[in-house]
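Q: Starting from these lines, generate the structure:
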Amino acid sequence: MKIVFVHQNFPGQFQRLARSFAAEGHEVIGLCMTDTAKRSPIPGVKVYNYNPVAGPEDAPFQNRYSPVVPRLRRAYGVAHLARKLADQGLQPDVVVVNTGWGENLFLKDIWPNAKHVAYFEYYYRAKGQDCDFDPEYPVTSEEVIWRLRLKNSMQLGALDAADVAVAPTVYQRNTFPEYLHDRVEVIHDGIDTQKLVASPDVKIRIGAKNGPMLTRDKPVVTFVTRNIEPMRGAHIVFRSLPYMLDIDPELQVVIIGGKGTSYSGSAPNGQSWFDVFRSKIERPVDWSRVHFVGSLPYEQFVRVLQVSSAHIYMTYPFVLSWSLIESMALECRIVASDTDPVREVIQDGVNGRLFPFFDEKALAARVRETIVEKERSAEMARAARALAVEKYDYATACLPQWREFLGIPAPAGA
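A: Model (predicted):
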C-alpha cells in the first residue's frame, strides 16, 4: 500500500507507524514544511518538503488572524506539493494528517480515491478546559477567545475534508462537540513498554562532573515538562520545593524541561517563566538539592525516571503528555494533578496518587506518602505499568488498532 503522513514537523506522532509500515514493505511518504524538515531518520521513508504559500505580512493582520493565516498558507503549500506528486504518479491509498497545522484542507481534492484520516489533538473552549482553568493566569482579552474559535473553525474544516478521524485519548476526543464524538475514534500513539522497564540498579550523575550521583538508595523526586510554564503546573511544583525538601535532608529534586514556551503564553516583562516562578517561592530553598537539567537526550531522560522515588506529573485540562504513560511503563511512583486528562490513566490509590492542582502543600504531602510508604508505592507502580502495557504498548495494543482503523493488513506470518 501507499501511505502518506503529513505533519509540518514530520514524523511527529507518526514516527512509529511510519517505521512499522515502511519495514513491512509499504511505500511510506512524509510531507512536511521546509523550514522544520530534517532528513528522514526512518529507513525506507521518502520525505518531501513544501513551502507555505505567500500570504499577508502586515503585522497587525497576522497577529489578529494568526490562527488562520499560517494554517491556510501551509494548506496551500502542501496541496501544491501533493498536486506535483500526483502529476508524477503518486496515488496513495491512505493519507494521515495531523490537523493542528491546517495541512489536510485540500488534499482530498487532489487524492480523491485515498482514505483521508484526520488526527485530532485538541478542540479549544473558552470555558471548562485550559483557557479558564488557572485564576493566576486568566485570559484578559476577548480576542484570545476569538482566536480559539478561529482555530476550532479550522479543525471543523479538517473534519469535513476527512473520511475518518482519530484522537489519542478519550479526554482529547471529548473536547470536541458531543455531536462529533461518534465520528472520532480513540487510538493512542503508543509507547515501547518492552524498552521502558524499571531498573533498580541504575545510577546517573546529574550536572557537572562533581554533581551528585543519583541512585535508588536515596530519595529522588522528578518532574518532567517540555518547557517550564503554567500549562504543566511548573509554578505549583516550584512553590512546593521548600515543603518537599523538608521531607528528608538527603532528598534531591530533578526538574527536566526547557526555559522556553510550548503551550502557555509568554511570561510578563520579557522574563522566562522559570525566572517568574523562582521569584515567587515564599520560603528559602536549598538550591544545591534542586537540579534543573534542561532538555535531556531520551536515554538520559529514561535513566532519571528509573532512579525516581516519586515522579510528579501535572497538567491543566489539556493534551496528555506521552511522558506520563512512559513513566507508568517505567514503574514510577506517580504523584499527579487531579485533572480530567490525568484521571483517564491514573486512579488515586490504585496506580498513583492524585492531589488538587493548585495545592502545593498537598503535592508535598503526597510526595511524602509516596516516599515513606515504599511497599504500597511499589504496588501502585506495578499497577501503573500493567495498565501502560495493556492499553498503550505500541506493538501489542496500539499498532493492531491502527491497522484495523487504517485498513492496513498485518504482514503474512505476523
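Q: okay, CA-based contacts and neighbour counts for the rest of this
A: Will do.
Q: So, low pLDDT: which residues of the chain?
A: For the chain, applying pLDDT under 70 flags the ranges 34-40, 55-65, 208, 414.
Q: The same query, at a cut-off of 50, please.
A: Residues of the chain meeting the criterion pLDDT under 50: 37.
Q: mind giving me the domain split of it?
A: With domains defined by automatic domain parsing, the chain comprises 2-190+394-406, 204-392.
Q: and Pro52, what does it touch?
A: Pro52 makes contact with Met33, Pro70, Arg73, Arg74, Ala75, Tyr76, Gly77, Val78, according to Cα atoms under 8 Å, 6 or more residues apart in numbering.
Q: Phi and psi next, for the second one.
A: According to degrees, to the nearest 10, the main-chain angles of Pro70 amount to phi -60, psi -30.
Q: Now the nearest residue to Asp348 once chain neighbours are set aside, what are its backbone angles?
A: The shortest distance from Asp348 to any non-neighbouring residue, by Cα to Cα, 6 or more residues apart in numbering, is to Leu354 (5.4 Å). Main-chain torsions, Leu354, degrees, to the nearest 10: phi -110, psi 160.
Q: Please apply the same query to Glu185.
A: Main-chain dihedrals, Glu185, degrees, to the nearest 10: phi -80, psi 150.
Q: Do I have it right that it meets Ala165?
A: Yes - the criterion here is Cα atoms under 8 Å, and Glu185 meets it with Ala165 at 6.2 Å.
Q: Who has more neighbours out of these two?
A: Remark: of Glu185 and Ala165, Ala165 carries more neighbours, 25 against 18, as counted by other Cα atoms under 10 Å.
Q: Pull the contacting residues for the more buried one.
A: By Cα under 8 Å, 6+ apart, the neighbours of Ala165 are Val117, Ala118, Tyr119, Phe120, Leu159, Arg183, Val184, Glu185.
Q: Now the last one: closest residue in space, sequence neighbours ignored.
A: This points to Glu185. With sequence-adjacent residues excluded and distances taken as Cα to Cα, 6+ apart, Glu185 is closest to Val166, at 4.5 Å.
Q: Buried residues, stretch 321-329. List them.
A: Neighbour-count burial for stretch 321-329, counted by 16 or more other Cα atoms under 10 Å, picks out Ser321, Ser323, Leu324, Ile325, Glu326, Ser327, Met328, Ala329.
Q: From Phe106, how far out is the last one?
A: Right, Ala329. Look at Ala329 and Phe106: by Cα to Cα, to the nearest Å, they are 39 Å apart.
Q: What about the contacts of Ala165, which are in helices?
A: If you go by DSSP state H, the contacts of Ala165 have Leu159 in helices.
Q: Just the buried ones among the contacts of Ala165, please.
A: With neighbours counted by 16+ other Cα under 10 Å, the contacts of Ala165 contain buried members at Val117, Ala118, Tyr119, Phe120, Leu159, Val184, Glu185.
Q: mind putting the residues you listed in TSV, distance to Arg283 included?
A: Below are the buried ones among the contacts of Ala165 laid out as TSV (distance: Cα to Cα, whole Å):
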residue	distance to Arg283
Val117	51
Ala118	48
Tyr119	45
Phe120	42
Leu159	50
Val184	47
Glu185	47
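Q: now, the most widely separated pair of these?
A: Among the buried ones among the contacts of Ala165, the pair separated by the greatest distance (Cα to Cα) is Leu159 and Glu185, at 12.4 Å.
Q: List the buried residues in stretch 193-207.
A: Of the residues in stretch 193-207, those buried (16+ other Cα under 10 Å) are Thr193, Leu196, Val197, Ala198, Lys203, Ile206.
Q: Restricting to C-alpha, output stretch 235-247 in PDB.
A: Only the C-alpha atoms of stretch 235-247 are listed here, as PDB (Å, rounded to 0.1, in the frame of the first residue of the first chain):
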ATOM      1  CA  HIS A 235       4.600  27.100  39.200                       C
ATOM      2  CA  ILE A 236       2.900  24.700  41.700                       C
ATOM      3  CA  VAL A 237       6.000  22.500  41.700                       C
ATOM      4  CA  PHE A 238       8.300  25.400  42.300                       C
ATOM      5  CA  ARG A 239       6.200  26.500  45.300                       C
ATOM      6  CA  SER A 240       6.200  23.000  46.700                       C
ATOM      7  CA  LEU A 241      10.000  22.800  46.700                       C
ATOM      8  CA  PRO A 242      10.600  24.000  50.300                       C
ATOM      9  CA  TYR A 243       8.000  21.500  51.600                       C
ATOM     10  CA  MET A 244       9.400  18.600  49.600                       C
ATOM     11  CA  LEU A 245      12.900  19.300  50.700                       C
ATOM     12  CA  ASP A 246      11.700  19.200  54.300                       C
ATOM     13  CA  ILE A 247      10.700  15.500  53.800                       C
END
